[in-house]
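Asks: Predicted model and sequence below, questions to follow.
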Amino acid sequence: MSDNPSPFLGEQADGRSGFPPGIVPPVAPLWPGFLTGQEDAPVRVLLVDDDEFMRRVIAQELLSDLRIQLEGQAGSLRDGRRLLATHEFDVLMVDLRLGDGTGFDLIQEAREQHRTGEIIVISALEDESHVLHAFELGATGYLLKDAWLQSFAQAVLQVVNGGAAITPRLARRLLSRLSHRPDSRTPPSVEPPPREATLTARECEILRFVARGHVTEEIGVKLGISGQTVNAHIKNIYKKLHVHSRAQAVSYAAYSGLI
């Protein structure tokens with residue numbers, strides 16, 4: 001076996017990059033100063049899940065990101081309520097199946113007590129009724145426990161910066177409905193908007209970017225408009241659809257056939 005290190009193992013002992021000649025090593029992504037979640041002001045997270053193994057997995061990922069501060073963990077509805085009463089937070093991550101109750105109750109209580117906090121569901125349940133109900137109660141993200149190609153830390157950073165964090169295969173379903181104009185079924189417990197509440201082409205375009213998890217600044221760059229203009233369009237969408245969050249807007253539009 002050769003004593004020389006593999007050229008694909010990163011930096012070598014002599015300080016060279018370890019990449020073949022002509023190949024530029026990847027640069028660590030920068031976190032723009034205008035986004036929430038800087039190392040000197042990390043995003044505060046509460047985690048509630050009765051699956052101890054899954055809770056450790058998620059906690060380990062969150063703790064490895066200096067932009068996030070894990071304020072507290074709980075494994076039951078009762079202990080989750082205690083966290084809500086004793087901790088300030090920016091993001092609540094909660095499972096729907098808790099040993100002594102349902103995560104829906106905690107979502108509703110968190111939304112009532114901490115109106116500015118974001119809520120991400122982490123669940124093994126992916127049927128549409130659970131997903132939609134979580135959004136109706138005010139969740140801004142829905143992640144499946146068994147899904148690949150997703151990052152819990154990235155989801156936290158997305159929602160605090162105005163995005164919606166949805167597991168890719170769930171987002172794909174929503175996008176499919178947006179593209180194929182489904183029937184006029186609407187999510188339960190949501191008041192249908194008046195017939196004149198149609199979305200403009202630009203509003204539809206922005207909603208599709210929101211469904212993909214893009215934040216305001218990213219949408220503005222892609223469309224060549226300011227972040228302030230993007231937010232103005234989003235406010236108009238909320239008003240037209242009688243919703244209060246980006247996740248609600250996406251799910252409602254997907255099921256109502258408005259776009």
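Replies: Now that the structure is in, tell me what you want to look at. Numbers count the residues shown, from 1 in each chain.

Asks: Let me know the pLDDT of the residue nearest in space to the middle of the chain.
Replies: Central residue of the chain (Cα atoms, centre = their mean): residue 165, 2.0 Å from the mean position. Per-residue pLDDT puts residue 165 at 88.

Asks: Surely it and residue 140 touch.
Replies: Yes: if you go by Cβ atoms under 8 Å, residue 165 and residue 140 touch, sitting 7.1 Å apart. Every residue, glycine included, has its C-beta placed from N, CA and C.

Asks: What residue spans form the domains of this structure?
Replies: 43-161, 175-256 (automatic domain parsing).

Asks: Make a markdown table out of the ones you listed and add mean pLDDT, mean neighbour count and distance to residue 32.
Replies: What follows is these, written out as a markdown table (pLDDT from 0 to 100; neighbours: other Cβ atoms under 10 Å; distance: least, Cβ to Cβ, whole Å):
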| stretch | mean pLDDT | mean neighbour count | distance to residue 32 |
| --- | --- | --- | --- |
| domain 43-161 | 91 | 19 | 10 |
| domain 175-256 | 73 | 17 | 7 |
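
Asks: Which among those domains is found nearest to residue 37?
Replies: Distance to residue 37, taken as Cβ to Cβ, is lowest for domain 43-161 among the domains of the chain, at 4.0 Å.

Asks: quick one: that closest one to chain centroid distance?
Replies: 10 Å (Cα atoms, centre = their mean, to the nearest Å).

Asks: Tell me the spacing between the closest residue to residue 147 other than its chain neighbours and residue 140.
Replies: Closest residue to residue 147 apart from its sequence neighbours, by Cβ to Cβ, 6 or more residues apart in numbering: residue 167 at 4.5 Å. For residue 167, the distance to residue 140 equals 14 Å [Cβ to Cβ, to the nearest Å].

Asks: same check, this time on residue 247
Replies: Taking Cβ to Cβ as the measure, residue 247 falls 5 Å from residue 140.

Asks: likewise residue 134?
Replies: Separation of residue 134 from residue 140 (Cβ to Cβ): 10 Å.

Asks: same thing with residue 100?
Replies: Per Cβ to Cβ, residue 100 is found 25 Å from residue 140.

Asks: before we move on, what about residue 114?
Replies: Per Cβ to Cβ, residue 114 is found 13 Å from residue 140.

Asks: now residue 128
Replies: 17 Å.

Asks: cool, and residue 248?
Replies: The spacing between residue 248 and residue 140, counted by Cβ to Cβ, is 9 Å.

Asks: what's the answer for residue 92, then?
Replies: To residue 140, residue 92 is 10 Å away according to Cβ to Cβ.

Asks: And for residue 66?
Replies: 23 Å.

Asks: same thing with residue 237?
Replies: 15 Å.

Asks: and what of residue 109?
Replies: 16 Å.

Asks: List the residues that contact the spatially closest residue to residue 245 that is not a sequence neighbour.
Replies: Excluding its sequence neighbours, the residue lying closest to residue 245 (Cβ to Cβ, 6+ apart) is residue 140, at 5.5 Å. Contact analysis of residue 140 by Cβ atoms under 8 Å, 6 or more residues apart in numbering lists 118, 119, 120, 159, 164, 165, 245, 246, 247.

Asks: Make TSV from those and add secondary structure and distance to residue 208 to it.
Replies: TSV is the format used below for these (DSSP: H, G, I helix; E, B strand; the rest coil; distance: Cβ to Cβ, whole Å):
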residue	secondary structure	distance to residue 208
118	strand	21
119	strand	23
120	strand	21
159	helix	18
164	coil	12
165	strand	16
245	coil	17
246	helix	12
247	helix	14
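
Asks: Contacts for the helix ranked longest in the chain next, please.
Replies: Looking across the chain with DSSP state H, the single longest helix is helix 227-241. Helix 227-241 has contacts (Cβ under 8 Å, 6+ apart) with 162, 193, 197-199, 202-203, 206-207, 210, 216-217, 219-220, 223, 243-244, 246, 248-249, 252-253, 256, 258.
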